[in-house]
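Undergrad: Give me a 3D structure for the following:
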Amino acid sequence: MKKFLLHGSIMTALIIMAVACSKDKQTPDTSFGQIKSDAFMAKYQVKAQTFTGSAATGFVVTGEKGTKITFRPNSFKDSLTGALVTGTVTIKLTEVLSKKDILLSGPMTEANGQLLISGGEINVRATADGRALVPGDSAIEVKVPQVMRAGDMNLFVQAPRKVDNNGGVPVDYPNTWVPAPYAPFGMGDNSYVFNLPAFTWVNCDRFYQDPAPKTTITVSPDFQDSDSLTGLQVMIVFSDITTVITLPFNYQLLQFQSYLNSLPVGKEGELVIIGKDENGYIEFGTQHITIAADMHIDIPIARSTEATVTAFLDSVQ
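TA: Residues are numbered from 1 along each chain as shown. Just a heads-up that it's a prediction; the model follows:
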């Protein structure tokens, strides 16, 4: 199961308390715009759009953000029998076309720990009568608008993560982006154009190349009012590239830790921490950082208003 912002419990409250500060906490005032995390995500998370069409004749869907997918006849097969589908097909499309979208809804932009620059992610699913479908014999053409203006790209798909140098895989993030099997990929005047390799998450990406030395950083939450949090996640939104990554929780260190030797020294970005307290309210914090060798950061996190969180999200460019 892919992990996104606030999806699932990254650690139990018991582990959170083990790394908490020992100072006394005060119960925050909840009367000035605080919001439950579930309500926040229901309101702001990127939602899947639903379309239907005839598999026999083919059809075209266009997403709210401009993604265009052309399904020709013979574009669908039953995932179990392999038989061509000719009836009505339901398409679910999720468009993740900004750093804000990635924070809320999309897989983070890294490939086995290497930073990726993203030109946009989409998730496409197809069903007929409740049965999952796979692509058929006809190519499915996709055009993703270049709204992120990130330059030349290649196609990536989600796949199981490789083991790291210590022989492990982050418990909470078993999947990562990998280059897609051969599929025609090109650039139009205002869009990335490719054939959909599967009904899954796909990403228009390229590896980020930076000559700076690479390092590993660690982060601990500095709890301002509650140390019984769940769904806690730490991310970096880089300032000058379309890259958003998460820092997995290291259960040996009891700290959040970047992928080993993956972060360029001197790179700037916003460190983001978010979770929910024992009453379900959003806890949130941000801090501007410049990556330094082997740095450790204690980042404050406190119950926050809806306005505070959305103001930060709206500032992400």
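Undergrad: got the buried residues for the helix or strand where Thr127 lies?
TA: If you go by DSSP states H and E, Thr127 is part of strand 114-128. For strand 114-128, the neighbour count (16 or more other CB atoms under 10 Å) marks 115-128 as buried. To be clear about C-beta, it is placed using only N, CA and C from the backbone, and glycine gets the same treatment.
Undergrad: is it possible to export those residues to a markdown table including pLDDT and distance to Gly188?
TA: Formatted as a markdown table, the buried residues of strand 114-128 follow (pLDDT from 0 to 100; distance: CB to CB, whole Å):
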| residue | pLDDT | distance to Gly188 |
| --- | --- | --- |
| Leu115 | 97 | 26 |
| Leu116 | 97 | 21 |
| Ile117 | 96 | 19 |
| Ser118 | 95 | 18 |
| Gly119 | 94 | 12 |
| Gly120 | 94 | 13 |
| Glu121 | 97 | 18 |
| Ile122 | 98 | 16 |
| Asn123 | 98 | 21 |
| Val124 | 98 | 19 |
| Arg125 | 98 | 25 |
| Ala126 | 99 | 24 |
| Thr127 | 98 | 29 |
| Ala128 | 97 | 30 |
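Undergrad: Grab the two from those residues that are most spread out in space.
TA: Using CB to CB, the two most remote members of the buried residues of strand 114-128 are Leu115 and Ala128, lying 38.4 Å apart.
Undergrad: what pairs with Phe249 across the strands?
TA: Beta-bridge pairing of Phe249 under DSSP bridges involves Phe256.
Undergrad: Distance-wise, check it relative to Lys143.
TA: Per CB to CB, to the nearest Å, Phe249 is found 38 Å from Lys143.
Undergrad: Now for His274, how many residues are close by?
TA: Heads up, residue 274 is Ile, not His. 24 (other CB atoms under 10 Å).
Undergrad: before we move on, what about the one 3 residues further on?
TA: Applying the criterion other CB under 10 Å, we find 24 residues in the vicinity of Asp277.
Undergrad: That one contacts Leu229, doesn't it?
TA: Yes. With contact taken as CB atoms under 8 Å, Asp277 and Leu229 are classed as touching, separated by 5.8 Å.
Undergrad: any residues in contact with both of those two?
TA: By CB atoms under 8 Å, 6 or more residues apart in numbering, Asp277 and Leu229 have these common neighbours: Glu283.
Undergrad: Helices along this protein, start to end?
TA: 13-18, 37-44, 99-105, 306-315 (DSSP state H).
Undergrad: so what secondary structure elements neighbour the strand holding Thr127?
TA: In terms of contacts (3 or more CB pairs under 8 Å, 6 or more residues apart in numbering; DSSP states H and E), strand 114-128 is packed against strand 76-78, strand 88-96, helix 99-105, strand 131-135, strand 141-145, strand 201-207.
Undergrad: which residues touch the residue nearest to Asn250 when sequence neighbours are not counted?
TA: Residue nearest to Asn250 in three dimensions, not counting chain neighbours: Gln257, with 4.3 Å by CB to CB, 6 or more residues apart in numbering. If you count contacts by CB under 8 Å, 6+ apart, Gln257 has them with 216-219, 247-250.
Undergrad: out of these, which one sits closest to Gln317?
TA: Distances from Gln317 to these, taken by CB to CB, are shortest for Leu247, at 21.5 Å.
Undergrad: residues in contact with that closest one?
TA: Contacts of Leu247 (CB under 8 Å, 6+ apart): 217, 219, 234-236, 256-258.
Undergrad: mind listing which of the residues you listed are in strands?
TA: The strands, defined by DSSP state E, take in 219, 234-236, 256-257 from the contacts of Leu247.
Undergrad: Export these as a markdown table, with columns for pLDDT and distance to Thr286.
TA: Shown next, in a markdown table, are the ones in strands among the contacts of Leu247 (pLDDT from 0 to 100; distance: CB to CB, whole Å):
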| residue | pLDDT | distance to Thr286 |
| --- | --- | --- |
| Val219 | 99 | 12 |
| Val234 | 98 | 11 |
| Met235 | 98 | 10 |
| Ile236 | 98 | 11 |
| Phe256 | 97 | 15 |
| Gln257 | 96 | 19 |
